[in-house]
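Peer 1: Here's a sequence, model it:
(one chain, ligands or ions: 2)
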Amino acid sequence: MAAAGLLSSPIYAGRWVRRRLSPVNSANIEKTLILVKPDGVARGLTGEVIGRIERKGYAIVAVRMLHADREILLKHYAEHEGKPFLEPLIEFMSSGPIVAIVAQGNRVIEGFRKLAGVTDPTLAEPGTIRGDLARDQGTKVIQNIVHGSDSVESATREIGIFFPEL
Ligand code: IDP
Ligand code: MG
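Peer 2: Numbering: from 1, shown residues only. Ligands and ions are numbered 1, 2, ... in the order given. Take a look at the predicted model:
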């Protein structure tokens, strides 16, 4: 009763709403680059991925569907140069259309990686995109529905590759 009384007071409710909606530390507002990979697009999971990002509360600030070529993918996956899965990865990522998304929010880089789950879909926790929607298919490259930037530096670099106009 007392709590309801407090919340129904316009001044208190206004403060409560502001506290809940505004980030405590606005310095942590980030952008991240998310890709729905060819397996996700082919299976009609683009809406599911975007829905999960939105339901978590992050803002979608840009979306683009494209068929990525080798050149753009070599740039995007530069950190994996020399690894045995790079060639199969490039082949897989260029096998069909992908959807590139920029999401924004407080600590969105870490937050989206939590939503995605770990790289190996067999080990990804149920409740995550990879844990719920992907499985080991015995392919040379792990097909796991989504990519998400792993640091502020990667996010800036990757957004520049897929959205040079931003
Ligand atoms: P991440 O996507 O979880 O950040 P990364 O290590 O950056 O994982 O690898 C990029 C992508 O390369 C993965 O999402 C997956 O598709 C593929 N990949 C990573 N490690 C392996 C591996 O050991 N074997 C096959 N494919 C892999
Ligand atoms: Mg990565």
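
Peer 1: Would you mind naming what in the chain lies close to ligand 1?
Peer 2: For the chain, the contact set with ligand 1 under C-beta under 6 Å from any ligand atom comprises 85, 89, 119, 141, 142, 144, 147, 150. Any C-beta I mention is one placed from the backbone N, CA and C, and that applies to glycine too.

Peer 1: At the geometric centre of this protein, which residue sits there?
Peer 2: residue 34 (3.9 Å; C-alpha atoms, centre = their mean).

Peer 1: That one belongs to a helix?
Peer 2: No - looking at residue 34 with DSSP: H, G, I helix; E, B strand; the rest coil, it is strand, so not inside a helix.

Peer 1: you'd agree it is up against residue 148?
Peer 2: Yes - counting by C-beta atoms under 8 Å, residue 34 touches residue 148, with 5.3 Å between them.

Peer 1: shared neighbours of those two, anything?
Peer 2: residue 112 (C-beta atoms under 8 Å, 6 or more residues apart in numbering).

Peer 1: ok, back up a step: make a markdown table out of the residues of the chain next to ligand 1 and add distance to residue 101 and pLDDT.
Peer 2: Shown next, in a markdown table, are those (distance: C-beta to C-beta, whole Å; pLDDT from 0 to 100):
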| residue | distance to residue 101 | pLDDT |
| --- | --- | --- |
| 85 | 23 | 97 |
| 89 | 19 | 98 |
| 119 | 19 | 98 |
| 141 | 21 | 98 |
| 142 | 20 | 98 |
| 144 | 16 | 98 |
| 147 | 10 | 99 |
| 150 | 16 | 98 |
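
Peer 1: out of those, who has the most neighbours?
Peer 2: residue 144 (24 neighbours; other C-beta atoms under 10 Å).

Peer 1: Quick check: the gap between it and residue 138.
Peer 2: 14 Å (C-beta to C-beta, to the nearest Å).

Peer 1: can you list contacts of the helix or strand containing residue 87?
Peer 2: Residue 87 is located in helix 86-93, with elements delineated by DSSP states H and E. Residues outside helix 86-93 that contact it (C-beta under 8 Å, 6+ apart) are 37-39, 68, 70, 73-74, 77, 80, 139-141, 143.

Peer 1: The chain: strands as residue ranges?
Peer 2: 29-36, 59-66, 98-106, 146-148 (DSSP state E).

Peer 1: Any chance of those strands in JSON lines with distance to residue 132 as columns?
Peer 2: Putting these into JSON lines (distance: least, C-beta to C-beta, whole Å) gives the following:
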{"stretch": "strand 29-36", "distance to residue 132": "14"}
{"stretch": "strand 59-66", "distance to residue 132": "20"}
{"stretch": "strand 98-106", "distance to residue 132": "18"}
{"stretch": "strand 146-148", "distance to residue 132": "12"}
